[in-house]
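Quick one, structure for this:
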Amino acid sequence: MVVVFVLVAVAVLALLAAVHRYVWRRLIGDTTEQGGLARRTGTVAAFVLPLLSVGALVSGRAGFPFPVQQVLAWPGYLWLAVLLYLTLALLVGEAVRPLLRRVLAGRSGTAGRDPGRTGTALQATPAAEGARADAVPANAEAASGTGARADATPANAEAPAGTGARTDVVPEAPAGPQVADPSRRLFVARAVGGAAALAGLGTVGYGTYGVLRGPRTKRITVPLAGLPRSAHGFRIAVVSDIHLGPVLGRAHTRRIVDAINATNSDLVAVVGDLVDGSVADLGPAAEPLAGLEARHGSYFVTGNHEYFSGAAEWVDHVRELGLHPLENARVEIGGFDLAGVNDVAGESEGHGPDFARALGDRDRGRASVLLAHQPVVIDDAVEYGVGLQLSGHTHGGQLWPGNLVAELANPTVAGLERYGDTQLYVSRGAGAWGPPVRVGAPSDITVVELASRQA
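Sure, this is the predicted structure:
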């Protein structure tokens, strides 16, 4: 296992080095003068930025002081997002580059063409009317002493009628390899590199604004088998993947709490990955959760990141904040069963999901809602007759085209789908892991309104 981990780490580092080399070449090497300030600055950045990214990724696990983690996190994580979209934009630029060169070459050729040129002859301008520009005396001898002129012209040669001047026929130069104009090549490199930089930075800037602005509220209606008419319209505010950490802190929590309270929901479900760090570092950032308001309370299940951050301490802490942890447990609420299971990452600590404990002895005639962080446990939910599973974990891919990768590991990446008699709803989450950026997967809080089929 250790050998596999080392090989994967080496492969990832090699890939990152190759990508950085490519980006440096296109943005710096092709567009700046050797030895100039711009090149020196860009080269330094090409070494410093990836080091900051590695520092941001490992600082938490390595136990760096939390202020150091915060210093590394912003530039390190943001650079990862910028690198992704810079690389994608530059790859698109590879297709544009030859087309732009061809257009510029065509314009240059048109601008330099002599409209009076026939293609096979150049009209010589005589020094004087009726005189030959290259006239040579008839008795001139060649330098070799043979008495023959190297460029002898018959004395009686006549100029074209009506001009009195010779027309010298000049053969076209044979076609040869075209040498690109250095100034044109530099212009193309700077145009493509500049456009790629604007596209990459603009994409990341917009994606960062979307995260820091806070999640938007979505609403869906889910018909639920066995739900009594008295529970028709019951509203559950689902929030997942808040990811409090060195980047997203107390202000982020406050925005989420305010958005949830504005929905006036009957119950709040926090479906894992609340934090990326210890209670000691992030306890103050989580405190606004104590202000959650719902008629039937707020419930919490662990996600995989809780097990990277001290799950037992966090379970105790959210309980102190007024949330009800569901550790492989079930409660009866408003005409249906609400169950929760631990995340599968807890198996490494002997605290993984236990569906038999949470659902084994329940009355299957009652409607049921299951809180489970990862969508991959849907098969167990189907086996135990769950009506609706609420999950997160995927972030909807977070950074396009990350959704394509997420689809390989999850049955559903985002939204509502049915598996047998069980429905699965996956939230995109309210925060972000790593780069505080979302592209193509906006953050959300979802109000799930349960509908009775008897209504």
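
Where does pLDDT dip in this protein?
1, 108-181, 455 (pLDDT under 70).

Just want the most central residue of it.
Centroid-nearest residue in the chain, with C-alpha atoms, centre = their mean: Leu399, separated by 3.7 Å.

Next up, the contacts around the nearest residue to that residue once chain neighbours are set aside.
Distances taken as C-beta to C-beta, 6 or more residues apart in numbering place Val439 nearest to Leu399, at 5.2 Å, with adjacent residues excluded. Using the backbone N, CA and C atoms, a C-beta is placed for each residue, glycine as well. Val439 sits next to Tyr85, Thr203, Val204, Tyr206, Gly207, Gln398, Leu399, Trp400 when contact means C-beta atoms under 8 Å, 6 or more residues apart in numbering.

correct me, but the residue nearest to the centre of the chain touches Pro436?
No - applying C-beta atoms under 8 Å, one finds Leu399 not in contact with Pro436, separated by 11.0 Å.

Next, show the common contact partners of the two.
Joint contacts of Leu399 and Pro436 (C-beta under 8 Å, 6+ apart) do not exist.

returning to what we had before: show me the contacts for the residue nearest to the centre of the chain.
Listed by C-beta under 8 Å, 6+ apart, the contact set of Leu399 reads Ala81, Leu84, Gly207, Pro435, Val437, Arg438, Val439, Gly440, Ala441.

same deal with Phe47?
Counting by C-beta under 8 Å, 6+ apart, Phe47 has no contacts.

burial measure for Gly272, as a count.
As a burial measure, Gly272 scores 28 neighbours (other C-beta atoms under 10 Å).

whoops, Val10 was the one
For Val10, the neighbour count with other C-beta under 10 Å is 10.

Over to Val103?
Number of residues near Val103 (other C-beta under 10 Å) recorded here: 11.

Tell me the spacing between it and Ala197.
21 Å (C-beta to C-beta, to the nearest Å).

Of the contacts of Leu399, keep whichever come out buried.
Ala81, Leu84, Gly207, Pro435, Val437, Arg438, Val439, Ala441 (16 or more other C-beta atoms under 10 Å).

Name the nearest of those relative to Val3.
Proximity of those to Val3 (C-beta to C-beta) peaks at Leu84, which lies at 28.8 Å.

Helix, strand, or coil at that closest one?
Three-state assignment for Leu84 (DSSP: H, G, I helix; E, B strand; the rest coil): helix.

out of everything not next to it in sequence, what's closest to it?
Leu84's closest residue in space is Leu399 (C-beta to C-beta, 6+ apart), at 6.4 Å.

and the two most separated of the contacts of Val439?
Farthest pair in the contacts of Val439, by C-beta to C-beta: Tyr206 and Gln398, 14.0 Å.

Can you lay out the contacts of Val439 as CSV showing secondary structure and distance to Gly272?
Formatted as CSV, those follow (DSSP: H, G, I helix; E, B strand; the rest coil; distance: C-beta to C-beta, whole Å):
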residue, secondary structure, distance to Gly272
Tyr85, helix, 28
Thr203, helix, 28
Val204, helix, 26
Tyr206, helix, 27
Gly207, helix, 23
Gln398, coil, 15
Leu399, strand, 20
Trp400, coil, 23
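
In ChimeraX, how would I select the buried members of the residues you listed?
The ChimeraX selection below is limited to those of the contacts of Val439 classed as buried (16+ other C-beta under 10 Å):
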select :85,203,204,207,398,399,400
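
Out of the contacts of Val439, which comes closest to Pro98?
Distance to Pro98 across the contacts of Val439 (C-beta to C-beta) is lowest for Tyr85, with 22.5 Å.

what residues are up against the closest residue to the closest one other than its chain neighbours?
Nearest residue to Tyr85, sequence neighbours excluded (C-beta to C-beta, 6+ apart): Gly200, at 4.0 Å. Counting by C-beta under 8 Å, 6+ apart, Gly200 touches Val82, Tyr85, Leu86, Leu88, Ala89.

Can you say which helix or strand has the residue nearest to the fourth one when sequence neighbours are not counted in it?
With C-beta to C-beta, 6+ apart as the criterion, Leu88 has its nearest non-adjacent residue at 7.7 Å, and that residue is Gly200. Secondary structure here is read from DSSP states H and E; on that basis Gly200 sits in helix 182-213.

And Arg254, by the same measure?
helix 250-261.

For that helix, buried residues please.
His252, Thr253, Arg254, Arg255, Ile256, Val257, Ala259, Ile260.

what's the answer for stretch 298-316, then?
For stretch 298-316, by 16+ other C-beta under 10 Å, it's 298-307, 309-311, 314-315.

right, and Ala311 touches Gly346 too?
Yes - Ala311 is within contact range of Gly346, at 6.6 Å (criterion: C-beta under 8 Å).

Next, show the common contact partners of the two.
Residues touching both Ala311 and Gly346 by C-beta under 8 Å, 6+ apart: Thr302.

just the helices in the protein please.
Taking DSSP state H, the helices of the chain run over residues 2-24, 37-62, 66-111, 182-213, 250-261, 279-286, 311-320, 355-359, 378-383, 402-409.

distance of the residue nearest to Ile242 when sequence neighbours are not counted from Ser452?
With C-beta to C-beta, 6+ apart as the criterion, Ile242 has its nearest non-adjacent residue at 4.6 Å, and that residue is Gly431. Using C-beta to C-beta, we find Gly431 at a distance of 33 Å from Ser452.

Show me which of those two is the more surrounded one.
For Gly431 versus Ser452, the count of surrounding residues by other C-beta under 10 Å is larger for Gly431: 28 against 20.

ok, now which ones touch the more buried one?
Val211, Asp241, Ile242, His243, Leu244, Leu248, His252, Ser443.

of all those residues, which two lie farthest apart?
Leu244 and Ser443 (13.7 Å).

Report the contact partners of Tyr77.
Ser53, Ala56, Val247, Gly434, Pro435, Pro436.
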